[in-house]
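**Q** Below is the sequence, then the predicted model.
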Amino acid sequence: MKMQKAWLYEEYGPKEVLKLGDFPVPTPRHDQLLVQVQAVALNPIDFKRRQGPIFPSDFPVVPGCDMAGVVVGKGDSVTKFSIGDEVYGNIQDFNAKGNLKRLGTLAEYIVVEETLVALKPTNLSFEDAASLPLAVQTAIEGFITAGFKDGQSVFIVGGAGGVGTLAVQLAKHFYGASQVVATTSTPKVEFVKSLGADRVIDYTKIKYEEINEKYDFLYDTIGDCKNSFVVAKDEAPIVDITWPPSHPRAVYSSLTVCGESLEKLRPYLESGTLKVVIDPTGPYRFTDVIEAFRYLETGRARGKVVISHFPSKDLPSHVQFQSNSKIIPDIVPQKAAVY
Ligand SMILES: NC(=O)c1ccc[n+]([C@@H]2O[C@H](COP(=O)([O-])OP(=O)(O)OC[C@H]3O[C@@H](n4cnc5c(N)ncnc54)[C@H](OP(=O)(O)O)[C@@H]3O)[C@@H](O)[C@H]2O)c1
């Protein structure tokens, strides 16, 4: 059995349950790609899933949803991608039936359905591309849930986080908002303005009740609807991406995972209209995953927390995987080796 290095946990708990261990290299199913991971972005769901059984699954679990990497193997019915293609995507389809994958992206090699990934825009690094999928799919879904229309105004609670930085940019450059207002703390006000917000509210100085204007859409990315609802117009949609929504008028919005949504953004990414925001404390090295989680879990990240420098990064991938090799067994051990 071919083994690889992966971060994994065998019990729920704080970041200290994470261990660097060995996990079998998977075999792609007929509709899957085998991808050599080059970079990963962390998301709050990765630590929430580790802290308790939100999405129950057998142990060991390798966390991680987002990745960018190189296709090194593929199943027989894969048509869109070839060996050597550089792809990116969120490999965990939260809306599909059945359990999430036990092998998440904090590993050297992962498998993913071809429908969930897209070709990496050539102007983006692996780190840039890995930072996008889950956050941008979530940001998009909020606008869809609200039925947002060109020319409407939007108030975004939390403009500096992984989802918020993209929601601000999408509002301005993709959905044609007439006015984009976003909240953040003092040190990040200028940063959120630079993403395209027309007005940035420093929530440490101004309360929602002190804002006189009302907005066509209240997009709350931090779960503060019980307070923020006051800035929504009477009939305006209020979308909360945290569960459970904290105000009776708020509608919960959950991401749709697919490669197609990433494809639609390609022109905006290639032209630089939509900018990738990687938290300046990173990219973290593969060996520093626990430190990266510690930082993300402070709730203060600016954009995305990204991991790169995977152990297999410098190996010539085609030497290891010539094609859709059936000789790599798709067996998950009861207990992975941990060190
Ligand atoms: N429903 C879904 O499909 C879905 C998908 C993705 C994420 N989520 C959830 O959505 C939430 C946000 O995710 P994320 O990836 O954007 O998290 P994140 O990157 O960790 O968000 C961090 C940001 O939140 C901001 N923040 C914290 N408290 C704030 C406040 N009171 N007002 C304004 N901004 C505040 C911080 O800015 P300051 O330092 O300036 O406060 C920081 O920049 C998480 O709970 C996550 O689990 C849901």
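**A** Nice, I can see it.

**Q** so who does the closest residue to the ligand within the stretch 101-250 of the chain touch?
**A** Using C-beta to the nearest ligand atom, the closest approach of the stretch 101-250 of the chain to the ligand is made by Gly161 at 2.5 Å. (Each C-beta comes from the backbone N, C-alpha and C, glycine too.) Applying C-beta atoms under 8 Å, 6 or more residues apart in numbering, we find Gly161 in contact with 221-222, 301-303.

**Q** any low-confidence regions in the protein?
**A** 313-339 (pLDDT under 70).

**Q** Tell me the residues of the stretch 201-339 of the chain that contact the ligand?
**A** 203, 221-222, 224, 241-242, 253-255, 296, 299-302 (C-beta under 6 Å from any ligand atom).

**Q** With respect to Ser312, which of those residues is nearest?
**A** Leu296 (23.7 Å; C-beta to C-beta).

**Q** what sits against the closest residue to Arg49 other than its chain neighbours?
**A** Nearest residue to Arg49 in three dimensions, chain neighbours excluded: Phe55, at 5.6 Å (C-beta to C-beta, 6 or more residues apart in numbering). Going by C-beta under 8 Å, 6+ apart, Phe55 touches 49, 94, 99-100.

**Q** For the protein, which helix extends over the most residues?
**A** If you go by DSSP state H, the chain has its longest helix at helix 133-146.

**Q** Check whether that helix comes near the ligand.
**A** Yes. Applying C-beta under 6 Å from any ligand atom, one finds helix 133-146 in contact with the ligand at 134-135, 138.

**Q** which ones are touching Ser77?
**A** Taking C-beta under 8 Å, 6+ apart, one finds 30-31 in contact with Ser77.

**Q** cool, and Gly64?
**A** Counting by C-beta under 8 Å, 6+ apart, Gly64 touches 7, 40, 42, 46, 104-107.

**Q** Regarding this protein, what is its longest strand?
**A** As assigned by DSSP state E, the longest strand anywhere in the chain is strand 32-42.

**Q** That one pairs with which strands?
**A** Next to strand 32-42 in the sheet, as set by DSSP bridges, lie strand 66-74 (antiparallel), strand 109-113 (antiparallel), strand 305-308 (antiparallel).

**Q** Between helix 133-146 and the longest one, find me the angle.
**A** Right, the one you point to is strand 66-74. Computed by axes from the mean of the first three to the mean of the last three C-alpha atoms, to 10 degrees, the angle separating strand 66-74 from helix 133-146 equals 110 degrees.

**Q** could you point out which element follows strand 66-74?
**A** strand 86-90 (DSSP states H and E).

**Q** now Ser228: how far from Ile238?
**A** Distance of Ser228 to Ile238, computed by C-beta to C-beta, to the nearest Å: 8 Å.

**Q** who has more neighbours, these two?
**A** Between Ser228 and Ile238, counted using other C-beta atoms under 10 Å, the more crowded position is Ser228 (26 against 23).

**Q** Would you confirm that that one contacts Val157?
**A** Yes. If you go by C-beta atoms under 8 Å, Ser228 and Val157 touch, sitting 4.8 Å apart.

**Q** Overlap in contacts, these two.
**A** Counting by C-beta under 8 Å, 6+ apart, the contacts common to Ser228 and Val157 are 218, 220.

**Q** can you map out the helices along the stretch 201-339 of the chain?
**A** In the stretch 201-339 of the chain, the helices defined using DSSP state H, counting those that start in this stretch lie at 225-228, 259-270, 289-296, 317-320.

**Q** Relative to the whole chain's centre, how far out is the longest one?
**A** If I follow you right, that is helix 259-270. On the basis of C-alpha atoms, centre = their mean, to the nearest Å, helix 259-270 sits 15 Å off its chain's mean C-alpha point.

**Q** What are the buried residues along it?
**A** Across helix 259-270, burial judged by 16 or more other C-beta atoms under 10 Å covers 259, 261-262, 265-266, 268-269.

**Q** Nearest to the ligand among those?
**A** Taking C-beta to the nearest ligand atom as the measure, Ser261 is the one of the buried residues of helix 259-270 closest to the ligand, at 12.7 Å.

**Q** that older thread, how far out from the middle of the chain is the longest strand of the chain?
**A** Its chain's C-alpha centre and that of strand 32-42 lie 13 Å apart, by C-alpha atoms, centre = their mean.

**Q** List the buried residues for that strand?
**A** Within strand 32-42, the residues that qualify as buried are 32-42, counting by 16+ other C-beta under 10 Å.

**Q** Return the member of those nearest to Thr273.
**A** When the buried residues of strand 32-42 are compared against Thr273 (criterion: C-beta to C-beta), the nearest one is Ala41, at 20.3 Å.

**Q** Grab the nearest non-local neighbour of the residue nearest the centre of the chain.
**A** Residue closest to the average C-alpha location in the chain (C-alpha atoms, centre = their mean): Leu134, at 2.8 Å. For Leu134, ignoring the flanking residues on the chain, the nearest one in space by C-beta to C-beta, 6+ apart is Asn90 at 4.5 Å.
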